[in-house]
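Asks: Predicted coordinates and the sequence they were generated for:
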Protein chains: 2
Amino acid sequence: MRFPFALISSSVSFGLNSSSRLTSRHLYPLSSKSQRSTLTTFFNWQPPMATAEESLRRALADKQSAVEAQGNAVRALKAAKASKPEIDAAIEALNGLKLEKSSIEKQLQAAVSGNDGDAALSREAFRQAAVNTLERRLFYIPSFKIYRGVAGLYDYGPPGCAVKSNVLAFWRQHFVLEENMLEVDCPCVTPEVVLRASGHVDKFTDLMVKDEKTGTCYRADHLLKDFCNEKLQKDLSVSAEKAAELKHVLATLDDLSAEELGAKIKEYGITAPDTKNPLSDPYPFNLMFQTSIGPSGLSPGYMRPETAQGIFVNFKDLYYYNGNKLPFAAAQIGQAFRNEISPRQGLLRVREFTLAEIEHFVDPEDKSHPKYSEVVNLEFLMFPREEQMSGQSAKRTRLGDAVSKGTVNNETLGYFIGRVYLFLTCLGIDKDRLRFRQHLANEMAHYAADCWDAEIECSYGWIECVGIADRSAYDLRAHTEKSGVPLVAAEKFLEPREVEKLAIAPVKKELGLAFKGNQKKVVEALEAMSEKEALEMKAALESKGEVEFYVCTLGKNVPIKKNMVSISKEIKKEHQRVFTPSVIEPSFGIGRIIYCLFEHSFYTRPSKAGDEQLNVFRFPPLVAPIKCTVFPLVQNQQYEHVAKVISKSLTAAGISHKIDITGTSIGKRYARTDELGVPFAITVDSTKDVTIRERDSKLQVRVDVEEAASVVKSVTDGHRTWEDVWANYPHHTSGSADD
Amino acid sequence: MRFPFALISSSVSFGLNSSSRLTSRHLYPLSSKSQRSTLTTFFNWQPPMATAEESLRRALADKQSAVEAQGNAVRALKAAKASKPEIDAAIEALNGLKLEKSSIEKQLQAAVSGNDGDAALSREAFRQAAVNTLERRLFYIPSFKIYRGVAGLYDYGPPGCAVKSNVLAFWRQHFVLEENMLEVDCPCVTPEVVLRASGHVDKFTDLMVKDEKTGTCYRADHLLKDFCNEKLQKDLSVSAEKAAELKHVLATLDDLSAEELGAKIKEYGITAPDTKNPLSDPYPFNLMFQTSIGPSGLSPGYMRPETAQGIFVNFKDLYYYNGNKLPFAAAQIGQAFRNEISPRQGLLRVREFTLAEIEHFVDPEDKSHPKYSEVVNLEFLMFPREEQMSGQSAKRTRLGDAVSKGTVNNETLGYFIGRVYLFLTCLGIDKDRLRFRQHLANEMAHYAADCWDAEIECSYGWIECVGIADRSAYDLRAHTEKSGVPLVAAEKFLEPREVEKLAIAPVKKELGLAFKGNQKKVVEALEAMSEKEALEMKAALESKGEVEFYVCTLGKNVPIKKNMVSISKEIKKEHQRVFTPSVIEPSFGIGRIIYCLFEHSFYTRPSKAGDEQLNVFRFPPLVAPIKCTVFPLVQNQQYEHVAKVISKSLTAAGISHKIDITGTSIGKRYARTDELGVPFAITVDSTKDVTIRERDSKLQVRVDVEEAASVVKSVTDGHRTWEDVWANYPHHTSGSADD
């Protein structure tokens, strides 16, 4: 089973539908006026309906009318006591119409769920096989199982834990070390003041409804989504227009306000799934786990919903640590927490997860990147905003073209998109099931300059696994404002620069003569003029000699004459430019990446006897939980001694491995380690040379005992390919160490 | 400044006084009867008072009496109008006594705080210098500083984060990989049921008092401790008896119940330190951060106070994963949380910290360890219970002797003590300031078989950094009981074993005749007899032929005759032995280890000009945040090119490093990296060969450009010593790259 199903490439992806929650901040319920207006554009947009389905729904409706009309005709003939042949002919025509209707129904059924239904079935079967293996071999399991578990909490068992630690080590290598990032490690417990500044206390919510009798809670958008999907797939009598409406609701689900969601739930008569009881109106539920810091009960705190804030609040120290130079990036790996209302989909939506986040601070006036040229020629699937809006699908694109055309906002953003692509594909993510999808206008926070998600396709659809956002200066400004500590950078000029500045100089003597006791208020009002107001006054004074000027502290207009104020442009020298840096934030959902990696790596193949399907994970050595197993072919002191010698060399070489000296058949032992994704096995069947077998090809070579560890090391370290080993060592062909 | 102060080796260590909170479970307030009784022994024990201090206090009290007596004598002589020479002589004697008293006072002052006072001062200065450097270079800083921080929460900045990640990587290498442990990764959010079973919900508390007017909270034991210390050090009029009492209170602080603590606070008249207001009675405050899981508000949860429970609840799966074989160990690295009442002492007592815990499961009947021989000859400071009780200090001991004498309970516990010693000393912990202290009877939970703490001496005293406990079957039994899922292991016998079992066979016919409708209840009561009861009945029936038997379901005695029941011993065959494994738990407080490592690595030395003190961290390459810096001697394109070439080789070799191309003097650049603990610097002062400088010796060798990276790699990887490099390369002597 090699992921045999075709997934529909739709313009409405899972990542979009279920909202880009990974980085969460673009998930805030939209509330500001300006955002609502961009939303309207999207609301007017009608998602293109699959033509076949639409015409079938219309044909079905027509045929239904025809059947009804013909039924009426038959009844009319009977009432009019028409002749038997006449009535029989009419009945025959009616039956013909019914047959045609039934045929259209079958086609429609196939169109809405049929093909997709088969695919869904095989997706389901594939996932079941993978998840069974993953749970049985303790890659991950529901937490606290002996107490019947808690939804949305999972443990990584030994192989899963090793995979996770390999993924994180590679992340650190690929991003932190390679780019000289400043890694920090901040606590999960966070005082309220920080998360109030970031907006999480007010806005990090999902809309919830309650069963009015039992109090059970549901996510409002999930209920509406399930209703629409069910209706579209199972109710063939839905008209083409109604179907379009339901699809539109699905496409715009994330944009609905509490009122709109509530209205839809009422309109469609949606009730509590378990009890059919009526539901409450939707209301916001904050997704942060709340707690209290210290014994007094007076200091509320939260478990952080992301790691980024820990970096923002340290900006000043980190900037200093970097020699007060931009650009620089800080990074953090750590746990984050979201008290999901009703977690679904295994590792993909959980209440506690590992995030790895980068905050790359740049001068907003210069978003170039010195290493951009290293990624400019990469080509992969990109899915810009416009192509989503016009119903196209993701296309293979050269990164450099997307940046130079302006599709990707700037070089630094482009650089990180390229680095993320390299990171994910090195881990073993299938490049054909990885796409970079740009956020639609309505998905993006108003302050964001541009935003792309790395989405990976798995049996649940396209999953947002990495968010890469240019968040402009939003976060630093928010903390500057709340804390009173300026989080800014300065560009020191090599030479002082001359800057034109407007100077407003009220002539106090004249003003005193004219306004007496009100002089001070008039002076203040003149000095408080904006540049525009001052320039207008200057022009008016020069042309007319006098203007009316409104002094708000006096609540009235006063006449200002030319001799009362001097307005001029002055040249000043400035030594530096002070500004709030922009931040570009790649944010990685490690658990989601790992789950997708599990699916992309999983396949089954028949056993040699052909009597069963064997499970394999094709992990690259980089992420494999164990790099190598060592088997004595038979239980035998000499072979076991050799196995121990090889094991010692592997330990010295830093290669994680396992000895299996059980008496089980060699085939079973291979199957057992294939199921853990162990790339190489060394079988000891002599005291001089041994067999090294590669997991996926099942090819085997003969290598001297002394050389075995170093051959495995060179291949797992990536200094040598298996093909190269295969070309340079004698092949093992005897059946003795066969599987 | 090379940690120049002598620390007093006392039988009452910091670790003991401030309670061994790291593993917390031995911290539960003692409540069971059996534990109280072991406690009594300790309460009767009088801590040996330092002889000098005690005799000085007595001498002072005597002298005070003498002064008073002589004062009275003088007054009496005056009243009796004695002769002037007589009065003068008496006054002279009085002045002599006063002088002597003042001299004793000085000596006593010196004894209680003097020597220690100087040491305390230099400890304080040393700590200040180290902490200043650590915070300035962002090894760690208080979290959320721009919002004025939160007590007990710290961020690791870039170098601290690198040190932490190196320590954890080595921990994983030294324990998990080396011992083939099963590493798991469980969530921090934990449902109440789990922590109720473990005892944390009921017992994980500290005693707290509140300022009755302001509501400010204090740890009750801290207030009492501060009072006693203050009194002992500053009040010279305290009698020897009173001083002994105060010292006894200090020694037994952790054992005081809420009532006893409250009584002492009242007795001593202790008030709120900030306001002098009266204090409430002490009451328990649970140290877990509480939260709520899911939206209903009905599922309480806590942030885990340790990682161990995640392993215990998974025992069944892990045992299966290990092929149903014992012994095996599981391990976990992760965050733990304790809502301290009033955190003190920087990184040592924090509200969120990283724990690394091992649970090694063994058959309670066989606690041998296959690799015990590898540690048996290690020698280090051990501090067994008896030597603490008799006021001795820790002694250098061969581990094998401590195990064979039974001081250390078993081989596996001994093995882990040895491995912990190797782990800490490899990191750079000074072996002379590391001791293994056994828990006193009153410190240990009643179920624990034995318990040793690795304590590291730093400027705060001896700090418990690793706890190594044999916790017997307690944890698995607790979860078995609460969850109903048996967490047991089975030993399969090679051959079935014959076991004698008692068989009770009521003769229903006879019982029916005798008891009619009550027959069933009598049968059940007979079958429910314990082995002891049944054997007594058998004996009685054989001797007397009839016994009275109480049937509780009937509420009365009935006569049982010999023919009504047959009681016999039967031989049964058993194929396995089912038991609850014991667990040996080494638990590492990573933040505490790192802080002690910082102190043990820190020293200062004069600059070349002698005008300032330079800071150095002597981290071994294993933990150094960066292994190497690369400096072009002067700003020059050629040199910068060479520096980049070397940097590329270092990256390829996986050596973390930094290029510093600022124009600062080479001496300043050396000082800057010494302060980060970077062990090696490559200075580019030619395009052919370069200078490699070692941090602590400041020795420099000349190495070809091509060879530079590999020389640094071999030394940082530990494949070669610096001495060996020094012996094999030309020495650099010119002043050009000097500091």
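Replies: Cool, the structure landed.
Asks: secondary structure class for residue A:263?
Replies: Using DSSP: H, G, I helix; E, B strand; the rest coil, the three-state assignment for residue A:263 comes out as helix.
Asks: Just give me the residue right at the centre of chain A.
Replies: Chain A has residue A:464 as the residue nearest its centroid, 2.7 Å off, counting by Cα atoms, centre = their mean.
Asks: Can you pull the phi/psi pair for it?
Replies: phi -70, psi 120 (degrees, to the nearest 10).
Asks: Confirm for me that it is in contact with residue A:457.
Replies: No - Residue A:464 is beyond contact range of residue A:457, at 11.4 Å (criterion: Cβ atoms under 8 Å). The way it works is simple: take the backbone N, C-alpha and C, and place the C-beta from them, glycine included.
Asks: in chain A, what spans have low per-residue confidence?
Replies: A:1-51, A:113-118, A:734-739 (pLDDT under 70).
Asks: gap between the closest residue to chain B within the stretch 551-700 of chain A and residue B:181?
Replies: At 6.0 Å from chain B, residue A:656 is the closest residue in the stretch 551-700 of chain A, using Cβ to the nearest Cβ. Remark: distance between residue A:656 and residue B:181 (Cβ to Cβ, to the nearest Å) = 12 Å.
Asks: now residue A:238
Replies: Distance, residue A:238 to residue B:181, using Cβ to Cβ: 57 Å.
Asks: Alongside chain B, which residues does the stretch 551-700 of chain A contribute?
Replies: A:651, A:656, A:658, A:662 (Cβ under 8 Å from any Cβ of the partner chain).
Asks: now for the helix or strand hosting the third one, which elements pack on it?
Replies: With elements delineated by DSSP states H and E, residue A:658 resides in strand A:657-659, which encompasses its position. Counting contacts by 3 or more Cβ pairs under 8 Å, 6 or more residues apart in numbering or on different chains; DSSP states H and E, strand A:657-659 is packed against strand A:628-632, helix A:637-652.
Asks: So what are the sheet partners of that strand and their directions?
Replies: strand A:628-632 (parallel) (DSSP bridges).
Asks: got the contact list for the partner strand?
Replies: A:639-640, A:642-643, A:646-647, A:650, A:655-661, A:666, A:669, A:673, A:678-684, A:712, A:716 (Cβ atoms under 8 Å, 6 or more residues apart in numbering or on different chains).
Asks: now swap in stretch A:476-488 and tell me
Replies: Applying Cβ under 8 Å, 6+ apart, the set of residues contacting stretch A:476-488 is A:193-194, A:196-199, A:312-313, A:315-316, A:578-581, A:583, B:146-147.
Asks: are any of the residues you listed buried, and which?
Replies: A:193-194, A:196-198, A:312-313, A:315-316, A:580-581, A:583, B:146-147 (16 or more other Cβ atoms under 10 Å in any protein chain shown).
Asks: got the residues you listed as a markdown table, with distance to residue B:398 and secondary structure columns?
Replies: Shown next, in a markdown table, are the buried ones among the contacts of stretch A:476-488 (distance: Cβ to Cβ, whole Å; DSSP: H, G, I helix; E, B strand; the rest coil):
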| residue | distance to residue B:398 | secondary structure |
| --- | --- | --- |
| A:193 | 55 | helix |
| A:194 | 53 | helix |
| A:196 | 59 | helix |
| A:197 | 58 | helix |
| A:198 | 57 | coil |
| A:312 | 54 | helix |
| A:313 | 51 | coil |
| A:315 | 54 | helix |
| A:316 | 53 | helix |
| A:580 | 63 | coil |
| A:581 | 59 | coil |
| A:583 | 58 | strand |
| B:146 | 53 | helix |
| B:147 | 53 | helix |
